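Colleague: Predicted model and sequence below, questions to follow.
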Amino acid sequence: MYKKYLAAFLSFFTFTILTAQVQTEVAPPFNIKTVSFVQSGQNVIPIFPLNEGFQLQFDDLFGNEANYYYEIIHCNYDWTPSQLVKSEYIQGFDNQRIQDYENSFNTLQLYSHYRLAFPNKFTQFRVTGNYILKILNEDQEVVFSRKFILYEDLVGVPLQVKRARDVRDINFMHNLDFSIKTAAINFINPLQNVKVTLLQNGNFNTAINNIKPQYTIGNDLIYKYDKETQFWAGNEFLYFDNKEIRAVANNINYIESKELYNTHLYPNKARGNQIYTFNPDVNGNFVVRNLYVQNNQIEADYAWVFFLLDAPAYFGKNDIYINGMFNNYALNEENKMEFNKKTGMFEKAMLIKQGFTNFQYIIADKSKKIDNANSIDGNFYQTLNDYQAIVYYRGVNERYDRVIGKGTASSENIVN
């Protein structure tokens, strides 16, 4: 009898430990490219109103029409799985095969393009919150996963971007002032039950979490911190545009025609010690485009893009990565640059779908901690960034963290 109870306890304890684990995004393997959330035909930051339609799209370079399935996990504010069972957050069911796919047409690089739309006939979302979308293969192994957030408009979140209040950082950082206002909810114990996540350009890797209201005025929650809500301003994203894959364009040095087209970019220099120069960008986003086709999803080709960074002073220090929304800002070997001692430059070749692509150079240590303070391209308060504030609330006797509102602002309207 004792062994029976012990086995049951250990089973419950193991289940509790597993369900409490933080859900992190799994980077896709080399054959999976151009993973993006799409709404109204554009790549977007994955924060959507509840019941509003969106898609996940991706390419499989094997081009063999492989079978992929999807699984959805509802999470708490801290990305641990919530207490809800699947039937409480999904109407219908998941673990369904993705049926919407096409093969590439008239491209050198063969691929199969997959589209997964929500809501669909199998799956509709019941509640707001943090979600992990897992893409599985036929063996039910996770191929990759992505975070997304569903929210409802129950609160207003007026958000303002200001320069840093500390004179030492005033030229290098952005500070976010905001408040939470609502007549729909009477907040109970907001210091404990209201949580906020702040994002810069929709990048979950650099999110600021666990910001509590500084004070309240009636039912309004006020956030006017000096340091807790600050982001390094960074610099404008770099870009290349190979929508005409055979022609040299801005920032492209020359093109080689091999098995796939090779796009060689001009070398970039570290911009940290230069003055700020306005360079229009799309804040890390990308646009897949082939200038001469009708359907970019399956007629845009892939090219090897060769990056060069002329920054020898960084050799032997932390690792340097190339990232943007095109690779989900991932810090992995596929995106890490190598130093060529003969040329004195950092180099990297990456297989990227043609079009307009924003990218940046990021420094990170071996534990993948990003060193924004010593950014290769510097930090300038003039940099135009988009910011998002996501508001979570768990009321009395509620078993999950609802997302009750979103605020947005741009540093284009920065004030002192």
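Modeller: Sure, I can see it. This one's a predicted model, so the numbers in the text were calculated from it and none came from an experiment.
Colleague: which SS class is Glu228?
Modeller: Following DSSP: H, G, I helix; E, B strand; the rest coil, we place Glu228 in the coil state.
Colleague: Tell me where this structure has helices.
Modeller: Remark: helices assigned in the chain by DSSP state H are 2-19, 86-89, 190-193, 296-299.
Colleague: How many residues are close by the closest residue to Ile390 other than its chain neighbours?
Modeller: Leaving aside its sequence neighbours, Ile390 sits nearest to Thr197 (Cβ to Cβ, 6 or more residues apart in numbering; 4.5 Å). Where you see a C-beta, it was placed from the backbone N, CA and C, and this is true even at glycine. Residues lying near Thr197 (other Cβ atoms under 10 Å) number 21.
Colleague: Can you give me the pLDDT of Thr197?
Modeller: With respect to pLDDT, Thr197 scores 97.
Colleague: just to revisit the earlier point, which of the helices of the chain comes out lowest on mean pLDDT?
Modeller: Looking at these, the weakest mean confidence is helix 2-19, a mean of 47.
Colleague: What sits closest to Val288 if chain neighbours are left out?
Modeller: Nearest residue to Val288, sequence neighbours excluded (Cβ to Cβ, 6+ apart): Gly355, at 4.4 Å.
Colleague: which ones are touching that neighbour?
Modeller: Counting by Cβ atoms under 8 Å, 6 or more residues apart in numbering, Gly355 touches 241-243, 286-290, 296, 300.
Colleague: What of Met337?
Modeller: With contact taken as Cβ under 8 Å, 6+ apart, Met337 is in contact with 307, 309, 319-322, 346-348, 361.
Colleague: Could you do Asn379 as well?
Modeller: 171-173, 232-235, 372-373.
Colleague: Closest one to Glu25 out of those residues, please.
Modeller: Nearest to Glu25 among these, counting by Cβ to Cβ, is Asn372 at 20.0 Å.
Colleague: Quick one: mean pLDDT for stretch 45-53?
Modeller: 96.
Colleague: got it, and stretch 270-285?
Modeller: 93.
Colleague: Quick one: end-to-end length of that stretch, please.
Modeller: Terminal residues of stretch 270-285 lie 21 Å apart, using Cα to Cα, to the nearest Å.
Colleague: Begin at 22, not 1, for the rest of this chat.
Modeller: Shifting the count to begin at 22 puts that one at stretch 291-306.
Colleague: Mind listing what's buried along that stretch?
Modeller: Applying a neighbour-count criterion of 16 or more other Cβ atoms under 10 Å, one finds 291-292, 297, 302-306 buried in stretch 291-306.
Colleague: Show me which of the residues you listed is closest to Gly177.
Modeller: Asn304 (23.5 Å).
Colleague: so that closest one makes contact with Gln381?
Modeller: No: look at Asn304 against Gln381 with Cβ atoms under 8 Å: they stay out of range, at 10.4 Å.
Colleague: Quick check: neighbours shared by these two?
Modeller: Phe258.
Colleague: which secondary element of this structure has the worst mean pLDDT?
Modeller: Of all helical and strand segments in the chain, the minimum by mean pLDDT, DSSP states H and E falls on helix 23-40, at a mean of 47.
Colleague: Alpha carbons of stretch 198-212, as CSV, please.
Modeller: Output in CSV follows, covering the C-alpha atoms of stretch 198-212 (Å, rounded to 0.1, in the frame of the first residue of the first chain):
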residue,chain,number,x,y,z
ASP,A,198,5.7,56.2,-19.3
PHE,A,199,2.2,54.7,-19.3
SER,A,200,-1.0,54.2,-17.3
ILE,A,201,-3.8,51.6,-17.3
LYS,A,202,-7.3,53.1,-17.4
THR,A,203,-10.6,51.2,-17.4
ALA,A,204,-14.3,51.4,-16.4
ALA,A,205,-14.8,47.7,-17.3
ILE,A,206,-12.8,46.2,-14.4
ASN,A,207,-12.5,47.2,-10.8
PHE,A,208,-8.9,46.1,-10.0
ILE,A,209,-8.5,44.1,-6.8
ASN,A,210,-5.0,44.1,-5.4
PRO,A,211,-3.4,45.4,-8.6
LEU,A,212,0.1,45.2,-7.2
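Colleague: Next one: Leu175, what pLDDT does it get?
Modeller: Leu175 is assigned 96 on the pLDDT scale.
Colleague: any weak-confidence spans in the protein?
Modeller: Per-residue confidence for the chain (pLDDT under 70) gives these ranges: 22-40.
Colleague: And the residue nearest the centre of it, how far from Trp253?
Modeller: For the chain, Asn224 is the residue whose C-alpha lies nearest the centre (Cα atoms, centre = their mean; 4.4 Å). Asn224 sits 12 Å away from Trp253, going by Cβ to Cβ, to the nearest Å.
Colleague: same deal with Pro49?
Modeller: As for Pro49, its distance to Trp253 is 28 Å (criterion: Cβ to Cβ).
Colleague: How about the contacts made by the residue nearest to Asn222 when sequence neighbours are not counted?
Modeller: Of all residues not flanking Asn222 in the chain, Asn304 sits nearest, at 4.5 Å (Cβ to Cβ, 6+ apart). By Cβ under 8 Å, 6+ apart, the contact list for Asn304 reads 222, 258, 379, 405-407.
Colleague: Please convert those residues to CSV, extending it with neighbour count and distance to Glu86.
Modeller: Shown next, in CSV, are the contacts of Asn304 (neighbours: other Cβ atoms under 10 Å; distance: Cβ to Cβ, whole Å):
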residue, neighbour count, distance to Glu86
Asn222, 24, 34
Phe258, 24, 35
Asn379, 21, 31
Leu405, 19, 42
Asn406, 23, 40
Asp407, 19, 37
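Colleague: For those, give me TSV that also has distance to Phe79.
Modeller: What follows is the contacts of Asn304, written out as TSV (distance: Cβ to Cβ, whole Å):
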residue	distance to Phe79
Asn222	21
Phe258	22
Asn379	19
Leu405	29
Asn406	27
Asp407	24
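Colleague: Look up the residues forming beta bridges with the nearest residue to Asn437 once chain neighbours are set aside.
Modeller: Using Cβ to Cβ, 6+ apart and skipping residues adjacent in sequence, the residue nearest Asn437 is Arg184, 5.4 Å away. According to DSSP bridges, His195 are recorded as the beta-bridge partners of Arg184.
Colleague: Kind regards, and thank you for your time.
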